[in-house]
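Colleague: sequence? don't have it. structure:
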């Protein structure tokens, strides 16, 4: 039992960091009850103290390394990015200080190293806020479903992409306008590359794959398609077939391998992820005994992420206050990433063609020739729309190549994956 | 560290119990990895061994008390009902054996006693499977949101009621037919009283109130309205106003009191709970920092509940294998149950009236006279439909009484709460 406050160092005082400070202050009595000891915030490391105001100003320091080295029990890392966050977190864990972070890039890329450091010193490492903001996902995957066998996790884990695609669906407008709107509303950063190109979602998908399967996936191994090439016509075509385009992250376990991917996909209107709009996030878990579980909520924002960070902090601090060291998680599983770039999925393909009889059948024959079975085939104006049964990527790609050179085909075919 | 298997006693081998045995067998290797020790199922207590077949037959016993007294580490109680479950669980907890149960009636009615026994012996008591089956709800409320302030929890936590109301909505048929269909499909018990009258949901609502607020609510204090009086006309009226009737459980914290209720309510079609159909369950959590979180999935069924039970079992067994005793939960909060029977809610009221001008205005005036403000007022055929702004129950009830005796009113007014 700890008969003194739990001493917390905070690294970073941006949107999430300042929300954490606000909650720590505003909920001090409640937190003390939950933890069994008061929380003492001993320092806040920032780059430019002059830019931060408030009653906590005397706690500001620019020397993050010294703060981590000081007499603290828990380090809350909310700097983001890999360095110097990695060095600071490693230093904390190696000296037995528990770490709570919401840094998906750091944990996705250096999770093994961080976990090893935590395990050897008996420190805890928690990062619920790194995936889907306030939505509890990692803990349920790791703990609540620990006795079940998870087969697939799919979700909308990037609020910026979801906002852009939702806006395109709502307005019928183009990608560029929707992105400008997202930037204007503060839902996208000035440089939205990490979101739009799927790097952010890939890091989260890697963390989901670890929580669900114990599989160590490098974010670079995640098959990644950004949303920048989604057109207003794609959105309209989705709507015409009772679907909606969503930014989807998928982790699935197939034949002893794990397949992790992020891409825009067409989702049936009655699919649980179809109604997850704007900046909301949602994760759909499929497990053998539990069936389909959906977790949905605010995926970003200072308060939402701070809620997840505080949840982890309370849990770590309670154990500290009670003198408990929790058993380390089960060892990671050697589940290789599928080198073929993913399992079979259905596709929605749109081809602009000459308006003469026989063309749809010809288009269908091209797919069949590559072993891709069309599930539906219809002419819509000057286009033929094909949805395919699940087929391996290479087969679909080679069908698209063959389609592109048909004399009746007027433009490069547009293809989007089907989800669900 | 435990250098031997974790010994588990199972009480009950019905739908959930047999699914637990199946998962324990089928996932033995995976469970051992997660727990850090193998699980040894040492006995299964049943009433009539002759009725149970399978490779585990040699473990069957009719002497549950002796099995609990035997050399076991964890007791999994899946008998259901209060006695003898209570005696057996208490006996286990008092002797330091951890208990995993899915028995909502037991924990809702005797939670304080069970928790005190667990706390004094250092044993763990877990019951995630008692609410919303496979859907992780109690753990996220208690742990993930431990640093946040939960303000309201609402949900669909009774699959039987949800199936009946969903069927009525789908078919336009009456309550009796929908219930018969539920019985036929095994979604309702032969005596469905506990479900239909809201006793089951009341117990779950009490558990939610404890997990969310630390408030000890006796299931008997839960304001409870069953679904048996919902008519086909109610369902149609809901649809006509863009709503759907759902069986809702609510716990909210208002002015230092807790309000816990279960009732059928009209939910807007775009509300997250509106699309939760059939036997699905869902819980919507509102917290100050996290915002709205939705948890959805299979609320009943052997496998789904067994998944939750196994999650708890793995968690308890891991701690045992690692020699860890977790800190007890924060002490329950003395949050009294609102004696007025709940906070203000809006109502949807349908009154059959004489077809002459001025009647809708007269109906509106009756509400206004009781301090209940109509939000909309419209004539639909021979009915006047009023939706009200949130108003305290007594005011609405007295308006209904006054309406009933108006000469223009032809039948007792029908009123259903609005949710969301």
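Modeller: That came through fine. Because the structure is a prediction, the values reported are computed rather than measured.
Colleague: what parts of the stretch 301-420 of chain A come near chain B?
Modeller: Residues of the stretch 301-420 of chain A lying close to chain B (C-beta under 8 Å from any C-beta of the partner chain) are A:301, A:303-304, A:306-311, A:313-315, A:318-319, A:321-322, A:324-327, A:330-331. (Each C-beta comes from the backbone N, C-alpha and C, glycine too.)
Colleague: now do the helices in the stretch 101-250 of chain A.
Modeller: Using DSSP state H, counting those that start in this stretch, the helices of the stretch 101-250 of chain A run over residues A:104-121, A:138-139, A:159-171, A:175-184, A:193-196, A:199-213, A:232-240.
Colleague: can you pull the pLDDT of the residue in the stretch 1-150 of chain A that chain B sits nearest to?
Modeller: Nearest residue of the stretch 1-150 of chain A to chain B: residue A:147, at 2.4 Å (C-beta to the nearest C-beta). Per-residue pLDDT puts residue A:147 at 93.
Colleague: could you pull up the residues touching it?
Modeller: Contacts for residue A:147 (C-beta atoms under 8 Å, 6 or more residues apart in numbering or on different chains) come out as A:289, B:23, B:27, B:31, B:34, B:307, B:309, B:310, B:311, B:313, B:314.
Colleague: can you verify the first one is assigned to a strand?
Modeller: What it means is residue A:289. No: counting by DSSP: H, G, I helix; E, B strand; the rest coil, residue A:289 is not found in a strand; it is coil.
Colleague: residues touching it, list them.
Modeller: Residues in contact with residue A:289, defined by C-beta under 8 Å, 6+ apart, are A:147, A:148, A:149, B:19, B:23, B:134, B:303, B:304, B:306, B:307, B:310.
Colleague: quick one: which of those residues has the most company?
Modeller: When neighbours are counted by other C-beta atoms under 10 Å in any protein chain shown, residue B:307 leads those with 33 neighbours.
Colleague: residue B:134 is in contact with that one, correct?
Modeller: Yes: between residue B:307 and residue B:134 a contact is recorded at 4.5 Å, counting by C-beta atoms under 8 Å.
Colleague: any shared contact partners between these two?
Modeller: Counting by C-beta under 8 Å, 6+ apart, the common neighbours of residue B:307 and residue B:134 are A:148, A:287, A:289, A:290.
Colleague: wait, the first one touches residue B:311, no?
Modeller: Yes: counting by C-beta under 8 Å, residue A:148 touches residue B:311, with 7.0 Å between them.
Colleague: next, format the helices of the stretch 101-250 of chain A as a markdown table and append mean pLDDT and mean neighbour count.
Modeller: A markdown table is the format used below for the helices of the stretch 101-250 of chain A (pLDDT from 0 to 100; neighbours: other C-beta atoms under 10 Å in any protein chain shown):
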| stretch | mean pLDDT | mean neighbour count |
| --- | --- | --- |
| helix A:104-121 | 95 | 19 |
| helix A:138-139 | 94 | 24 |
| helix A:159-171 | 97 | 23 |
| helix A:175-184 | 96 | 17 |
| helix A:193-196 | 94 | 19 |
| helix A:199-213 | 96 | 27 |
| helix A:232-240 | 95 | 19 |
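Colleague: out of those helices, flag the one nearest chain B.
Modeller: When these are compared by C-beta to the nearest C-beta, helix A:138-139 sits nearest chain B, at 5.5 Å.
Colleague: the closest one packs against which elements?
Modeller: When contacts are defined as 3 or more C-beta pairs under 8 Å, 6 or more residues apart in numbering or on different chains; DSSP states H and E, helix A:138-139 sits against helix A:199-213.
Colleague: what number of residues lie near the spatially closest residue to residue A:102 that is not a sequence neighbour?
Modeller: Nearest residue to residue A:102, sequence neighbours excluded (C-beta to C-beta, 6 or more residues apart in numbering or on different chains): residue A:129, at 3.3 Å. Look at residue A:129: counted by other C-beta under 10 Å, it has 29 neighbours.
Colleague: pLDDT value on residue A:129, please?
Modeller: What the model reports for residue A:129 is a pLDDT of 96.
Colleague: same check on the one 5 residues further on?
Modeller: Per-residue confidence (pLDDT) for residue A:134: 93.
Colleague: what sits against residue A:70?
Modeller: A:9, A:42, A:43.
Colleague: by proximity to chain B, which residue of the stretch 251-400 of chain A wins?
Modeller: As assessed by C-beta to the nearest C-beta, chain B sits closest to residue A:310 within the stretch 251-400 of chain A, at 2.3 Å.
Colleague: check which residues of stretch A:255-263 are buried.
Modeller: For stretch A:255-263, burial by neighbour count (16 or more other C-beta atoms under 10 Å in any protein chain shown) applies to A:258, A:259, A:260, A:261, A:262, A:263.
Colleague: a markdown table for those residues, including pLDDT?
Modeller: Shown next, in a markdown table, are the buried residues of stretch A:255-263 (pLDDT from 0 to 100):
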| residue | pLDDT |
| --- | --- |
| A:258 | 93 |
| A:259 | 92 |
| A:260 | 94 |
| A:261 | 94 |
| A:262 | 96 |
| A:263 | 96 |
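Colleague: and the stretch 1-150 of chain A, which residues reach chain B?
Modeller: In this structure, the stretch 1-150 of chain A approaches chain B at residues A:19, A:23, A:27, A:30-31, A:33-34, A:36, A:128, A:134-136, A:139-140, A:143-149, judged by C-beta under 8 Å from any C-beta.
Colleague: show me the shaky parts of the stretch 301-420 of chain A.
Modeller: For the stretch 301-420 of chain A, the stretches with pLDDT under 70 are A:330-332, A:339-342.
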